[in-house]
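Chemist: dropping the sequence and predicted coords here.
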Amino acid sequence: MKILVTGGAGFIGSNFIHYWLKNNPEDRIVNLDFLTYAGNLENLKDLEGNPNYEFVKVDIADKKLVDDLVKGVDMIVHFAAESHVDRSILNSEDFIKTNVMGTQNLLEAARNNGNKRFHHISTDEVFGALSMDDPKFNEKTPYDPRSPYSASKAASDHLVRAYFHTHNLPITISNCSNNYGPYQFPEKLIPLFVTNLIEGKKVPVYGKGENVRDWIHVDDHNAGVEAIIKKGKIGETYCLGGGNERSNMQITKSILGAMGAGEDMIEYVADRKGHDLRYSIDYGKAKDELGWEPKISFEQGLQDTIEWYKNNQEWWRNIKNGEYQEYYNKQYSN
Ligand code: NAD
Ligand code: TYD
(Lines give C-alpha, C1' and ligand atoms only; values in the text may rest on other atoms or scores of the structure.)
(Ligands and ions follow the chains in the order given, each with its own letter.)
Protein backbone atom coordinates (compact mmCIF):
# COMPACT_ATOMS: atom_id res chain seq x y z
CA MET A 1 0.00 0.00 0.00
CA LYS A 2 1.17 3.55 -0.76
CA ILE A 3 -0.05 6.12 1.78
CA LEU A 4 -0.11 9.89 1.49
CA VAL A 5 0.48 11.28 4.98
CA THR A 6 -0.25 15.00 5.31
CA GLY A 7 1.49 16.95 8.07
CA GLY A 8 4.08 14.19 8.47
CA ALA A 9 6.78 16.63 9.56
CA GLY A 10 4.81 17.66 12.66
CA PHE A 11 4.60 16.01 16.06
CA ILE A 12 1.98 13.26 15.63
CA GLY A 13 2.51 12.82 11.87
CA SER A 14 6.26 12.19 12.19
CA ASN A 15 5.68 9.71 15.01
CA PHE A 16 3.02 8.05 12.80
CA ILE A 17 5.46 7.66 9.88
CA HIS A 18 8.05 6.03 12.16
CA TYR A 19 5.35 3.84 13.70
CA TRP A 20 3.85 2.79 10.38
CA LEU A 21 7.10 1.95 8.59
CA LYS A 22 8.25 -0.10 11.58
CA ASN A 23 5.02 -2.10 11.75
CA ASN A 24 4.26 -2.22 8.01
CA PRO A 25 7.71 -2.32 6.36
CA GLU A 26 6.26 -3.35 3.00
CA ASP A 27 4.23 -0.12 2.68
CA ARG A 28 5.39 3.14 1.12
CA ILE A 29 4.79 6.61 2.51
CA VAL A 30 4.69 9.99 0.78
CA ASN A 31 4.93 12.75 3.38
CA LEU A 32 3.19 15.93 2.18
CA ASP A 33 4.01 18.85 4.44
CA PHE A 34 4.28 22.61 3.90
CA LEU A 35 6.90 22.95 6.66
CA THR A 36 5.17 25.72 8.58
CA TYR A 37 6.71 26.80 11.90
CA ALA A 38 5.56 23.42 13.29
CA GLY A 39 7.01 21.21 10.56
CA ASN A 40 10.55 19.94 11.06
CA LEU A 41 12.41 17.50 8.82
CA GLU A 42 14.81 16.80 11.69
CA ASN A 43 11.98 14.61 13.05
CA LEU A 44 12.50 12.23 10.10
CA LYS A 45 16.26 12.46 9.60
CA ASP A 46 16.73 8.74 10.14
CA LEU A 47 14.44 7.97 7.15
CA GLU A 48 16.56 9.86 4.60
CA GLY A 49 17.51 7.36 1.87
CA ASN A 50 14.78 4.88 2.87
CA PRO A 51 13.29 3.70 -0.47
CA ASN A 52 9.83 3.41 1.14
CA TYR A 53 9.78 7.05 2.23
CA GLU A 54 9.52 10.27 0.24
CA PHE A 55 9.02 13.90 1.30
CA VAL A 56 7.30 16.63 -0.73
CA LYS A 57 6.94 20.24 0.36
CA VAL A 58 3.40 21.18 -0.67
CA ASP A 59 0.55 23.23 0.81
CA ILE A 60 -2.55 21.03 1.23
CA ALA A 61 -4.55 23.93 -0.20
CA ASP A 62 -2.63 23.72 -3.53
CA LYS A 63 -5.15 22.20 -5.99
CA LYS A 64 -2.87 21.04 -8.78
CA LEU A 65 0.00 19.61 -6.73
CA VAL A 66 -2.32 17.87 -4.27
CA ASP A 67 -4.33 16.33 -7.11
CA ASP A 68 -1.13 15.00 -8.74
CA LEU A 69 0.05 13.46 -5.48
CA VAL A 70 -3.30 11.90 -4.57
CA LYS A 71 -3.42 10.20 -8.01
CA GLY A 72 -0.45 8.04 -7.14
CA VAL A 73 -1.50 6.69 -3.72
CA ASP A 74 -3.94 4.15 -2.27
CA MET A 75 -4.97 6.10 0.79
CA ILE A 76 -4.64 9.41 2.63
CA VAL A 77 -4.02 9.88 6.34
CA HIS A 78 -4.67 13.54 7.06
CA PHE A 79 -2.76 15.06 10.00
CA ALA A 80 -1.84 18.47 8.52
CA ALA A 81 -3.36 21.33 10.49
CA GLU A 82 -2.73 24.46 12.44
CA SER A 83 -2.87 22.86 15.87
CA HIS A 84 -2.27 25.35 18.67
CA VAL A 85 -5.25 26.93 20.50
CA ASP A 86 -3.27 29.96 21.73
CA ARG A 87 -2.15 30.81 18.18
CA SER A 88 -5.77 30.55 16.99
CA ILE A 89 -6.71 33.12 19.63
CA LEU A 90 -4.03 35.52 18.36
CA ASN A 91 -5.00 35.04 14.68
CA SER A 92 -7.34 32.43 13.21
CA GLU A 93 -6.80 33.05 9.49
CA ASP A 94 -4.37 30.19 8.84
CA PHE A 95 -6.65 27.84 10.80
CA ILE A 96 -9.44 28.42 8.30
CA LYS A 97 -7.11 28.25 5.29
CA THR A 98 -5.42 25.00 6.29
CA ASN A 99 -7.88 23.15 8.51
CA VAL A 100 -11.02 23.97 6.55
CA MET A 101 -10.05 24.91 2.98
CA GLY A 102 -7.03 22.60 2.93
CA THR A 103 -9.16 19.66 4.06
CA GLN A 104 -11.79 20.48 1.42
CA ASN A 105 -9.05 20.50 -1.24
CA LEU A 106 -7.76 17.09 -0.14
CA LEU A 107 -11.29 15.66 -0.11
CA GLU A 108 -11.86 16.92 -3.66
CA ALA A 109 -8.61 15.34 -4.80
CA ALA A 110 -9.61 12.04 -3.14
CA ARG A 111 -13.02 12.16 -4.84
CA ASN A 112 -11.67 13.15 -8.27
CA ASN A 113 -9.15 10.32 -8.28
CA GLY A 114 -11.42 7.32 -7.82
CA ASN A 115 -12.69 7.90 -4.26
CA LYS A 116 -9.48 7.21 -2.34
CA ARG A 117 -9.65 5.86 1.23
CA PHE A 118 -9.37 8.83 3.60
CA HIS A 119 -8.63 8.83 7.32
CA HIS A 120 -9.07 12.18 9.05
CA ILE A 121 -7.23 12.97 12.28
CA SER A 122 -9.26 15.14 14.60
CA THR A 123 -9.48 16.21 18.20
CA ASP A 124 -11.77 15.86 21.21
CA GLU A 125 -11.86 19.68 21.39
CA VAL A 126 -14.66 19.72 18.77
CA PHE A 127 -17.04 18.54 21.53
CA GLY A 128 -16.50 21.67 23.61
CA ALA A 129 -15.87 21.69 27.35
CA LEU A 130 -17.08 19.38 30.13
CA SER A 131 -17.87 20.41 33.69
CA MET A 132 -16.05 18.41 36.36
CA ASP A 133 -18.95 15.97 36.81
CA ASP A 134 -20.18 15.62 33.20
CA PRO A 135 -19.82 12.18 31.61
CA LYS A 136 -16.89 11.78 29.19
CA PHE A 137 -17.19 12.63 25.48
CA ASN A 138 -18.14 9.82 23.10
CA GLU A 139 -18.96 9.52 19.40
CA LYS A 140 -22.54 10.71 20.03
CA THR A 141 -21.60 13.89 21.92
CA PRO A 142 -22.92 16.93 20.00
CA TYR A 143 -20.31 19.24 18.51
CA ASP A 144 -19.81 22.47 20.47
CA PRO A 145 -16.38 23.92 19.58
CA ARG A 146 -15.38 27.01 21.54
CA SER A 147 -11.99 28.15 20.20
CA PRO A 148 -11.12 29.16 16.63
CA TYR A 149 -8.88 26.05 16.52
CA SER A 150 -11.63 23.63 17.57
CA ALA A 151 -14.18 25.40 15.37
CA SER A 152 -11.93 24.93 12.35
CA LYS A 153 -11.39 21.24 13.21
CA ALA A 154 -15.14 20.78 13.69
CA ALA A 155 -15.73 22.28 10.24
CA SER A 156 -13.21 19.87 8.75
CA ASP A 157 -14.88 16.87 10.45
CA HIS A 158 -18.26 17.92 9.07
CA LEU A 159 -16.80 18.23 5.56
CA VAL A 160 -15.23 14.77 5.79
CA ARG A 161 -18.57 13.25 6.84
CA ALA A 162 -20.37 15.22 4.12
CA TYR A 163 -18.10 13.68 1.46
CA PHE A 164 -19.00 10.23 2.80
CA HIS A 165 -22.75 10.88 2.67
CA THR A 166 -22.76 12.89 -0.55
CA HIS A 167 -20.01 11.24 -2.61
CA ASN A 168 -19.55 7.85 -0.91
CA LEU A 169 -15.96 8.76 -0.14
CA PRO A 170 -14.61 5.92 2.05
CA ILE A 171 -13.72 7.89 5.15
CA THR A 172 -13.08 7.30 8.84
CA ILE A 173 -12.44 9.92 11.54
CA SER A 174 -10.63 9.73 14.87
CA ASN A 175 -11.19 12.31 17.63
CA CYS A 176 -8.30 12.00 20.04
CA SER A 177 -7.45 13.59 23.37
CA ASN A 178 -4.25 15.52 24.28
CA ASN A 179 -1.10 13.80 23.00
CA TYR A 180 2.38 13.90 24.50
CA GLY A 181 5.69 12.28 23.54
CA PRO A 182 8.87 12.93 21.54
CA TYR A 183 9.04 15.66 18.85
CA GLN A 184 6.16 17.71 20.29
CA PHE A 185 6.65 21.38 19.52
CA PRO A 186 7.66 23.23 22.71
CA GLU A 187 4.66 25.57 22.67
CA LYS A 188 2.38 22.86 24.10
CA LEU A 189 2.09 22.30 27.86
CA ILE A 190 4.34 19.30 28.52
CA PRO A 191 7.32 20.09 26.23
CA LEU A 192 7.16 23.80 27.14
CA PHE A 193 7.34 23.06 30.85
CA VAL A 194 10.05 20.40 30.55
CA THR A 195 12.28 22.52 28.31
CA ASN A 196 11.73 25.67 30.42
CA LEU A 197 12.93 23.79 33.50
CA ILE A 198 16.01 22.48 31.67
CA GLU A 199 16.73 26.12 30.74
CA GLY A 200 16.25 27.19 34.37
CA LYS A 201 13.09 29.16 33.50
CA LYS A 202 9.75 29.17 35.32
CA VAL A 203 6.67 27.35 33.99
CA PRO A 204 3.65 29.54 33.05
CA VAL A 205 0.46 28.02 34.52
CA TYR A 206 -2.72 29.58 33.09
CA GLY A 207 -5.22 30.72 35.75
CA LYS A 208 -5.23 28.40 38.75
CA GLY A 209 -4.14 25.29 36.85
CA GLU A 210 -7.49 23.60 37.48
CA ASN A 211 -8.29 22.73 33.84
CA VAL A 212 -8.32 19.01 33.07
CA ARG A 213 -7.06 17.18 29.99
CA ASP A 214 -7.02 13.45 29.16
CA TRP A 215 -3.43 12.62 28.20
CA ILE A 216 -2.44 9.91 25.71
CA HIS A 217 1.02 8.89 24.55
CA VAL A 218 1.45 9.59 20.83
CA ASP A 219 2.31 5.89 20.15
CA ASP A 220 -1.00 4.80 21.66
CA HIS A 221 -2.79 7.36 19.46
CA ASN A 222 -1.03 6.08 16.36
CA ALA A 223 -1.80 2.45 17.28
CA GLY A 224 -5.45 3.54 17.41
CA VAL A 225 -5.17 5.15 13.97
CA GLU A 226 -3.64 1.92 12.62
CA ALA A 227 -6.52 -0.11 14.13
CA ILE A 228 -9.07 2.19 12.47
CA ILE A 229 -7.29 2.04 9.10
CA LYS A 230 -7.16 -1.77 9.22
CA LYS A 231 -10.40 -2.66 11.01
CA GLY A 232 -12.57 0.47 11.20
CA LYS A 233 -15.96 0.65 9.53
CA ILE A 234 -16.20 3.07 6.61
CA GLY A 235 -18.13 6.25 7.46
CA GLU A 236 -17.56 5.83 11.20
CA THR A 237 -15.97 8.01 13.84
CA TYR A 238 -13.86 6.63 16.70
CA CYS A 239 -12.96 8.47 19.90
CA LEU A 240 -9.44 7.73 21.17
CA GLY A 241 -8.26 8.72 24.64
CA GLY A 242 -5.64 7.89 27.20
CA GLY A 243 -7.83 7.29 30.24
CA ASN A 244 -5.53 9.71 32.08
CA GLU A 245 -7.44 12.75 33.31
CA ARG A 246 -5.07 15.16 35.03
CA SER A 247 -5.44 18.80 36.03
CA ASN A 248 -2.75 21.13 34.74
CA MET A 249 -1.59 21.54 38.33
CA GLN A 250 -1.17 17.75 38.70
CA ILE A 251 0.85 17.67 35.46
CA THR A 252 2.93 20.64 36.61
CA LYS A 253 3.72 19.02 39.96
CA SER A 254 4.59 15.69 38.29
CA ILE A 255 7.02 17.45 35.95
CA LEU A 256 8.53 19.56 38.74
CA GLY A 257 8.95 16.43 40.89
CA ALA A 258 10.50 14.36 38.10
CA MET A 259 12.95 17.16 37.32
CA GLY A 260 13.91 17.93 40.91
CA ALA A 261 12.42 21.46 40.82
CA GLY A 262 10.32 23.14 43.51
CA GLU A 263 6.97 24.91 43.33
CA ASP A 264 8.83 28.23 43.35
CA MET A 265 9.38 27.51 39.62
CA ILE A 266 5.64 27.99 38.95
CA GLU A 267 4.58 31.33 37.51
CA TYR A 268 0.82 31.89 37.55
CA VAL A 269 -0.09 33.86 34.41
CA ALA A 270 -3.34 35.25 32.96
CA ASP A 271 -5.83 32.57 31.97
CA ARG A 272 -6.37 31.62 28.32
CA LYS A 273 -9.42 33.38 26.80
CA GLY A 274 -12.41 31.01 26.71
CA HIS A 275 -10.31 28.30 28.39
CA ASP A 276 -12.15 24.94 28.13
CA LEU A 277 -12.43 23.47 31.63
CA ARG A 278 -12.22 19.75 30.97
CA TYR A 279 -11.83 17.19 28.17
CA SER A 280 -12.20 13.47 28.67
CA ILE A 281 -12.79 10.61 26.24
CA ASP A 282 -14.80 7.41 26.54
CA TYR A 283 -12.93 5.10 24.13
CA GLY A 284 -15.35 2.17 24.62
CA LYS A 285 -16.34 2.00 20.94
CA ALA A 286 -12.72 1.67 19.74
CA LYS A 287 -12.10 -0.95 22.44
CA ASP A 288 -15.21 -3.01 21.62
CA GLU A 289 -15.07 -2.77 17.82
CA LEU A 290 -11.32 -2.61 17.14
CA GLY A 291 -9.78 -4.23 20.22
CA TRP A 292 -7.75 -1.04 20.76
CA GLU A 293 -6.90 0.52 24.08
CA PRO A 294 -4.03 2.69 25.30
CA LYS A 295 -1.14 0.69 26.76
CA ILE A 296 1.42 3.23 27.98
CA SER A 297 0.97 4.34 31.60
CA PHE A 298 1.05 8.09 32.03
CA GLU A 299 3.77 7.92 34.69
CA GLN A 300 6.10 5.85 32.44
CA GLY A 301 5.25 7.85 29.32
CA LEU A 302 5.92 11.17 31.05
CA GLN A 303 9.23 9.93 32.46
CA ASP A 304 10.33 8.70 28.99
CA THR A 305 9.25 11.99 27.42
CA ILE A 306 11.22 14.05 29.95
CA GLU A 307 14.28 11.87 29.21
CA TRP A 308 13.78 12.41 25.48
CA TYR A 309 13.80 16.21 25.90
CA LYS A 310 16.89 15.97 28.12
CA ASN A 311 18.67 13.85 25.50
CA ASN A 312 17.60 15.85 22.44
CA GLN A 313 18.37 19.40 23.45
CA GLU A 314 19.69 20.48 20.07
CA TRP A 315 16.29 19.62 18.53
CA TRP A 316 14.26 21.94 20.78
CA ARG A 317 16.90 24.60 21.40
CA ASN A 318 16.98 25.26 17.63
CA ILE A 319 13.20 25.70 17.69
CA LYS A 320 13.11 27.89 20.77
CA ASN A 321 15.76 30.18 19.29
CA GLY A 322 13.84 30.67 16.03
CA GLU A 323 10.43 32.08 15.07
CA TYR A 324 9.09 30.68 18.30
CA GLN A 325 10.61 33.54 20.25
CA GLU A 326 8.54 36.02 18.23
CA TYR A 327 5.33 34.12 18.99
CA TYR A 328 6.19 33.83 22.66
CA ASN A 329 6.75 37.58 22.94
CA LYS A 330 3.38 38.23 21.24
CA GLN A 331 1.64 35.74 23.51
CA TYR A 332 2.85 37.57 26.60
CA SER A 333 2.64 41.15 25.33
CA ASN A 334 -0.95 41.74 26.51
P1 NAD B 1 1.76 19.98 14.63
O2 NAD B 1 1.40 21.43 14.70
O3 NAD B 1 2.90 19.47 15.42
O4 NAD B 1 2.03 19.57 13.12
C5 NAD B 1 1.23 20.02 12.06
C6 NAD B 1 1.96 19.72 10.76
O7 NAD B 1 1.12 20.14 9.66
C8 NAD B 1 3.28 20.47 10.60
O9 NAD B 1 4.29 19.60 10.13
C10 NAD B 1 2.98 21.55 9.57
O11 NAD B 1 4.11 21.92 8.79
C12 NAD B 1 1.91 20.85 8.73
N13 NAD B 1 1.06 21.82 8.01
C14 NAD B 1 0.44 22.92 8.55
N15 NAD B 1 -0.20 23.59 7.58
C16 NAD B 1 0.00 22.90 6.42
C17 NAD B 1 -0.44 23.09 5.08
N18 NAD B 1 -1.18 24.13 4.73
N19 NAD B 1 -0.07 22.18 4.15
C20 NAD B 1 0.69 21.12 4.50
N21 NAD B 1 1.16 20.90 5.74
C22 NAD B 1 0.80 21.78 6.70
O23 NAD B 1 0.41 19.22 15.00
P24 NAD B 1 0.18 17.83 15.77
O25 NAD B 1 0.10 18.09 17.22
O26 NAD B 1 1.12 16.82 15.24
O27 NAD B 1 -1.30 17.50 15.28
C28 NAD B 1 -1.53 16.73 14.09
C29 NAD B 1 -3.01 16.52 13.91
O30 NAD B 1 -3.55 15.88 15.06
C31 NAD B 1 -3.81 17.81 13.76
O32 NAD B 1 -4.80 17.61 12.79
C33 NAD B 1 -4.43 18.05 15.12
O34 NAD B 1 -5.64 18.77 15.03
C35 NAD B 1 -4.66 16.61 15.56
N36 NAD B 1 -4.68 16.38 17.02
C37 NAD B 1 -3.65 16.83 17.81
C38 NAD B 1 -3.65 16.55 19.17
C39 NAD B 1 -2.51 16.97 20.07
O40 NAD B 1 -2.60 16.80 21.28
N41 NAD B 1 -1.42 17.51 19.53
C42 NAD B 1 -4.72 15.83 19.73
C43 NAD B 1 -5.74 15.39 18.89
C44 NAD B 1 -5.71 15.66 17.53
P1 TYD C 1 -2.05 22.76 25.29
O2 TYD C 1 -0.86 21.88 25.41
O3 TYD C 1 -1.93 24.04 24.57
O4 TYD C 1 -3.21 21.86 24.66
P5 TYD C 1 -4.81 22.18 24.49
O6 TYD C 1 -5.05 23.61 24.76
O7 TYD C 1 -5.03 21.82 23.06
O8 TYD C 1 -5.50 21.28 25.45
O9 TYD C 1 -2.58 23.09 26.76
C10 TYD C 1 -2.92 22.05 27.66
C11 TYD C 1 -3.45 22.70 28.92
O12 TYD C 1 -2.38 23.41 29.57
C13 TYD C 1 -4.53 23.73 28.66
O14 TYD C 1 -5.50 23.67 29.72
C15 TYD C 1 -3.80 25.08 28.73
C16 TYD C 1 -2.69 24.79 29.72
N17 TYD C 1 -1.44 25.55 29.50
C18 TYD C 1 -0.85 26.28 30.55
O19 TYD C 1 -1.37 26.32 31.69
N20 TYD C 1 0.32 26.96 30.31
C21 TYD C 1 0.91 26.95 29.07
O22 TYD C 1 1.95 27.62 28.89
C23 TYD C 1 0.31 26.19 28.02
C24 TYD C 1 0.93 26.15 26.64
C25 TYD C 1 -0.86 25.50 28.28
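Modeler: Great, that's in hand. The structure presented is a predicted model; accordingly, all values stated were derived computationally and were not measured. Ligands and ions are numbered 1, 2, ... in the order given.
Chemist: tell me the helices and strands packed up against the longest helix seen in the chain.
Modeler: Using DSSP state H, we find that the single longest helix of the chain is helix 148-167. Here helix 148-167 touches helix 85-90, helix 103-112, strand 117-123, strand 171-176, going by 3 or more C-beta pairs under 8 Å, 6 or more residues apart in numbering; DSSP states H and E. Where C-beta positions appear, they are placed from N, C-alpha and C, glycine not excepted.
Chemist: the same query, at a cut-off of 10 Å, please.
Modeler: helix 85-90, helix 103-112, strand 117-123, strand 171-176, strand 237-240 (3 or more C-beta pairs under 10 Å, 6 or more residues apart in numbering; DSSP states H and E).
Chemist: would you list the ones you listed in TSV and tack on mean neighbour count and mean pLDDT?
Modeler: Shown next, in TSV, are these (neighbours: other C-beta atoms under 10 Å; pLDDT from 0 to 100):
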stretch	mean neighbour count	mean pLDDT
helix 85-90	18	98
helix 103-112	22	98
strand 117-123	23	99
strand 171-176	25	99
strand 237-240	25	99
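Chemist: which among these is found nearest to residue 71?
Modeler: helix 103-112 (8.1 Å; C-beta to C-beta).
Chemist: now do the buried residues in the longest helix of the chain.
Modeler: 148-157, 159-161, 163-164 (16 or more other C-beta atoms under 10 Å).
Chemist: re earlier: mind putting the helices and strands packed on helix 148-167 in a markdown table, distance to residue 302 included?
Modeler: A markdown table is the format used below for the helices and strands packed on helix 148-167 (distance: least, C-beta to C-beta, whole Å):
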| stretch | distance to residue 302 |
| --- | --- |
| helix 85-90 | 21 |
| helix 103-112 | 32 |
| strand 117-123 | 21 |
| strand 171-176 | 18 |
| strand 237-240 | 19 |
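Chemist: so which of these is nearest residue 27?
Modeler: strand 117-123 (13.1 Å).
Chemist: adjacent strands (with direction) for the closest one?
Modeler: strand 75-78 (parallel), strand 171-176 (parallel) (DSSP bridges).
Chemist: which one of the buried residues of helix 148-167 is nearest to residue 259?
Modeler: Closest to residue 259, out of all of those and judged by C-beta to C-beta, is residue 149, at 28.7 Å.
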